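Chemist: Predicted model follows, preceded by the sequence.
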Amino acid sequence: MKNLLYIGNHLQNSQSNATYSAVLGPLLEQSGYAVRYTSNKTNKVFRLLEMLWTTFRTHKKTDLVLIDTYSTQNFYYAVLVSWLCRLLKLRYVPILHGGNLPNRLRNSPKLSKRLFKNAYANVSPSLYLKTIYEEFGYENVVYIPNTIIIDNYPFHKKNFDTPKLLWVRSFSEIYNPSLAVEVLHELKQRGYDAVLSMVGPDANGSLSKVKALADHLNVSVTFTGKLTKAAWVELSKDYNVFINTTNFDNMPVSVIEAMALGIPVVSTNVGGMPYLIEHTVDGVLVAPNDKKAMVDAVEGLFGDVLRTEGMVVEARGKVEGFDWEMVRGLWEEVLNDD
């Protein structure tokens, strides 16, 4: 049995969505790995200190360290933990989550090289990031898609009567939540009795701005706050379009889940999205921050229902390939390669 240390933001609060570690960690445990986690500290300094201390304290009984790696401030957590791992002669694997990591490679080349070149392997959940990293000369990148348990996402046939929009993300400017409200307003201007539900926590104060915009445009939006996975999956039964408005992205689990649930996806064409969605085949891609293009795409779903239903079936088929039973072997190749 391999002993793994999982470094990441294992936070349990109303201001953050559960990270991918909450999915992957338990699945690895079920597959026979012993997994320790750090850190769940809300304070960023204390979180970093606990990450470093746990790495040091457990290094003699740790076989491999998994490090959730993002492009913002959390990038420095990964840099510092990787430095300690090298000092302790611990093998480590960064898991590349940040959709803006290509900019980090450009803007922090020396730190990036120390972190990624010295890794046992870098796991990329998207072919998009794998391609970018290889362009920068990193050869130790393995593609393992974000995984779900497909049986947890029942496929529901939708009624395409009027647009019922669902948005699921943290309220943060990089995800451009205001665009969702603008899309709702434009649909109403075009005569649709559309509705919008926005699911997710307020990550950095953006929620108040979005609510103010909804008031200014005089549209009613349902803000649910953070929901459990089961709760938003249940909520999704009442909605027939999933909109992904982000300006940066990699391989978002929420979009994969929407595809599994049978909700047609309209997404901005950024980052890893064209590697996940084939335009007009299993979803629709539009230019970022383009209200008109997104509204036109939503209208198109309702203008040709047979085509939309075909896209939904294709999307479900694609993400069935991300089921844990399909992905587990890829992880075992990385974790058990001595």
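Modeler: It's in.

Chemist: any weak-confidence spans in the protein?
Modeler: Residue ranges of the chain with pLDDT under 70: 12-18, 338.

Chemist: residue nearest the centroid of it?
Modeler: Most central in the chain under CA atoms, centre = their mean is P252, positioned 2.8 Å from the mean C-alpha point.

Chemist: Please name the residues that touch that residue.
Modeler: 146, 169, 244, 246 (CB atoms under 8 Å, 6 or more residues apart in numbering). Where you see a C-beta, it was placed from the backbone N, CA and C, and this is true even at glycine.

Chemist: try 10 Å this time
Modeler: 97, 99, 125-126, 146, 168-169, 175, 244, 246, 258, 267, 271-273, 276 (CB atoms under 10 Å, 6 or more residues apart in numbering).

Chemist: do L207 as well
Modeler: L207 neighbours (CB under 10 Å, 6+ apart): 170-172, 177, 198, 200-201, 223, 225.

Chemist: Over to Y120?
Modeler: Counted by CB under 10 Å, 6+ apart, Y120 has contacts 64-65, 85, 90-94, 140, 334-335, 337.

Chemist: What is the neighbour count of the spatially closest residue to S206 that is not a sequence neighbour?
Modeler: Nearest residue to S206, sequence neighbours excluded (CB to CB, 6 or more residues apart in numbering): F171, at 4.2 Å. If you count neighbours by other CB atoms under 10 Å, F171 ends up with 24.

Chemist: With F155 instead?
Modeler: Residues near F155, counting by other CB under 10 Å: 15.

Chemist: quick one: it from I148, how far?
Modeler: Distance of F155 to I148, computed by CB to CB, to the nearest Å: 13 Å.

Chemist: Quick check: the spatially closest residue to A34 that is not a sequence neighbour vs T62, distance?
Modeler: In space, and not counting its chain neighbours, A34 is closest to N3: 4.8 Å by CB to CB, 6+ apart. Distance from N3 to T62, counting by CB to CB: 5 Å.

Chemist: do M294 as well
Modeler: Applying CB to CB to M294 and T62 gives a distance of 46 Å.

Chemist: Next: V298.
Modeler: Distance from V298 to T62, counting by CB to CB: 48 Å.

Chemist: Among the two, which residue is more densely surrounded?
Modeler: V298 (26 against 21).

Chemist: Next up, the contacts around that one.
Modeler: Residues 163, 165, 183-184, 186-187, 190, 192, 194, 240-241, 243, 264, 266, 284, 286 are the ones in contact with V298 under the rule CB under 10 Å, 6+ apart.

Chemist: and if you look at N218?
Modeler: N218 neighbours (CB under 10 Å, 6+ apart): 185, 188.

Chemist: and if you look at W331?
Modeler: 24, 27-28, 31, 33, 66, 93, 123, 142, 144, 147, 324 are the contacts of W331 under CB under 10 Å, 6+ apart.

Chemist: quick one: it is in a helix?
Modeler: Yes - under DSSP: H, G, I helix; E, B strand; the rest coil, W331 sits within a helix.

Chemist: Of the contacts of V298, which belong to strands?
Modeler: If you go by DSSP state E, the contacts of V298 have 165, 241, 243, 266, 284, 286 in strands.
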